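Participant: what follows is a protein structure lacking sequence information:
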């Protein structure tokens, strides 16, 4: 730092190896931010959500990139798409309709979403105002914060196909829901595909938990995409994979 002005950083004071390593780390972080933004947008813009302004997510990606560039210059936290919070925000603005399914249970169906940015703006504003009550926030137990995030994660599991297929392991075949993949894909294919996803999820969690290789997290995600395209297509029939990856909502 410059003498007398600790908030100013001289880029020439860093060790010589930093400029050599920075491009590699920056590329990985750029890939991670790109994947997180697009995966979140892909989940939110699912056909069953019936969004009318889905293309606006492309503008979000551009604005996020500009914000990340500005924050990097001034040493501020990066702005990224928060998947769990974004999905809960969408569900809170959704108009739901209940119907009786073939299994005799009551299901909820999204008939539309109140698309607006007012609530998102005020959420961000309230988060910013928390800087004024930092001395009070330190008294909030971490267990309470973790509980909030666990609750938010559990709420969004209901519409997740992977979670729905996990429940099939403990469900009698006669009681399987009449979803599109159950009607089109043999039972052993559904279970084997789910087992592969479980193994990949465990591997991803291990990579994320090890500090030595955690920086490779974006590359592992890209590797999974290549695995889906070039390996699983050789193991399973194309129409089976299409049904398991389909956006079609359950009947």
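Facilitator: Arrived safely, thanks for sending. The structure presented is a predicted model; accordingly, all values stated were derived computationally and were not measured.
Participant: and the closest residue to residue 78 other than its chain neighbours, how many neighbours?
Facilitator: Using C-beta to C-beta, 6 or more residues apart in numbering and skipping residues adjacent in sequence, the residue nearest residue 78 is residue 68, 5.1 Å away. (Each C-beta comes from the backbone N, C-alpha and C, glycine too.) Using other C-beta atoms under 10 Å, residue 68 has 19 other residues around it.
Participant: what helices or strands is the strand or helix carrying residue 68 leaning on?
Facilitator: Residue 68 belongs to helix 56-74 when assigned by DSSP states H and E. If you count contacts as 3 or more C-beta pairs under 8 Å, 6 or more residues apart in numbering; DSSP states H and E, helix 56-74 packs onto helix 18-44.
Participant: separation between residue 32 and residue 207?
Facilitator: 12 Å (C-beta to C-beta, to the nearest Å).
Participant: meant to ask about residue 170
Facilitator: 28 Å.
Participant: so for those two, which residue has more residues nearby?
Facilitator: residue 207 (17 against 6).
Participant: the more buried one touches residue 214, doesn't it?
Facilitator: Yes - assessed by C-beta atoms under 8 Å, residue 207 is found in contact with residue 214 at 6.7 Å.
Participant: enumerate every residue touching residue 185.
Facilitator: If you count contacts by C-beta atoms under 8 Å, 6 or more residues apart in numbering, residue 185 has them with 240, 243, 244.
Participant: need the residues that contact the host helix or strand of the first one.
Facilitator: Secondary structure assigned from DSSP H and E places residue 240 in helix 238-244. With C-beta under 8 Å, 6+ apart as the test, helix 238-244 has contacts from 161, 180, 181, 184, 185, 186, 189, 190, 193, 228, 232, 233.
Participant: 6 Å instead, please
Facilitator: Outside helix 238-244, the residues that touch it by C-beta atoms under 6 Å, 6 or more residues apart in numbering are 181, 184, 185, 189, 193.
Participant: rank the helices and strands of the chain by mean pLDDT and give me the bottom one.
Facilitator: For the chain, counting by mean pLDDT, DSSP states H and E, strand 106-113 ranks last in confidence among helices and strands (a mean of 77).
Participant: and that strand with helix 18-44, angle?
Facilitator: Relative orientation of strand 106-113 versus helix 18-44 (axes from the mean of the first three to the mean of the last three C-alpha atoms, to 10 degrees): 110 degrees.
Participant: pairing partners for strand 106-113, with directions?
Facilitator: Here strand 106-113 has these sheet partners by DSSP bridges: strand 94-100 (antiparallel).
Participant: now the strand it pairs with: how far from the chain's centre is it?
Facilitator: From the chain centre to the centre of strand 94-100 is a distance of 24 Å (C-alpha atoms, centre = their mean, to the nearest Å).
Participant: now do stretch 232-245
Facilitator: Worked out by C-alpha atoms, centre = their mean, stretch 232-245 lies 23 Å from the chain centre.
Participant: and residue 245, how many neighbours?
Facilitator: For residue 245, the neighbour count with other C-beta under 10 Å is 12.
Participant: ugh, wrong one, I meant residue 45
Facilitator: Burial of residue 45 is recorded as 16 neighbouring residues (other C-beta under 10 Å).
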